[in-house]
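Participant: When you get a sec, could you give me coordinates for this:
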Amino acid sequence: MTRVDFYILEEAIDSARLRVAARIAEKATLQNRHVYINAADEDESHRLDEVLWTFSQGSFVPHRVIRSAGDGAGVAEPVLIGVAVELPEPCEVMINLAGEVPEFFSRYERVAEIVDAQSSRRDAGRSRYKYYRDRGYELTSHKI
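Facilitator: Numbering: from 1, shown residues only. A predicted model of the protein is given here:
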């Protein structure tokens, strides 16, 4: 069964959410895990693309922005970024930045949900937490 981790940020700065997503992606790739980052929209996927190039001095997280499942087939990059793209072969880890739980989340071994202090995103995070909890998924929260 999919393990779900919630990362709760005290600040309401959008760039902080993206930096946390980048750190989680980097850690997963160092463990030879493949990652799909589910962005809220195209603009966020492009901002995250930039963050993955610049978030940490001296580190690089190989990644690619994709728009469809075909874009992700057979790619070498361990991190894929998209908006509700259901990959034909799922990665082990999904980082969800969208407001809703993607229909295909259960295909992943682990889901990382990042929630900041911005009120609408916090409310959406609570709804996602309840969704997972009501379906019996193992949930862990981390305050950052």
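Participant: so what's Ala98 up against?
Facilitator: With contact taken as C-beta atoms under 8 Å, 6 or more residues apart in numbering, Ala98 is in contact with 38-40, 83-84. Where you see a C-beta, it was placed from the backbone N, CA and C, and this is true even at glycine.
Participant: Looking at these, which is nearest Glu50?
Facilitator: Of all the contacts of Ala98, the one with the least separation from Glu50 (C-beta to C-beta) is Ala39, at 12.2 Å.
Participant: burial count for that closest one?
Facilitator: Other residues lying near Ala39 total 24 when counted by other C-beta atoms under 10 Å.
Participant: And the pLDDT at the nearest residue to it once chain neighbours are set aside?
Facilitator: In this structure, Ala39 finds its nearest non-sequential neighbour in Ser45, 3.9 Å apart by C-beta to C-beta, 6 or more residues apart in numbering. Per-residue confidence for Ser45 comes out at a pLDDT of 97.
Participant: repeat for Phe105
Facilitator: Confidence at Phe105, expressed as pLDDT, is 96.
Participant: One more: Ala12?
Facilitator: At Ala12, the pLDDT value in this model is 90.
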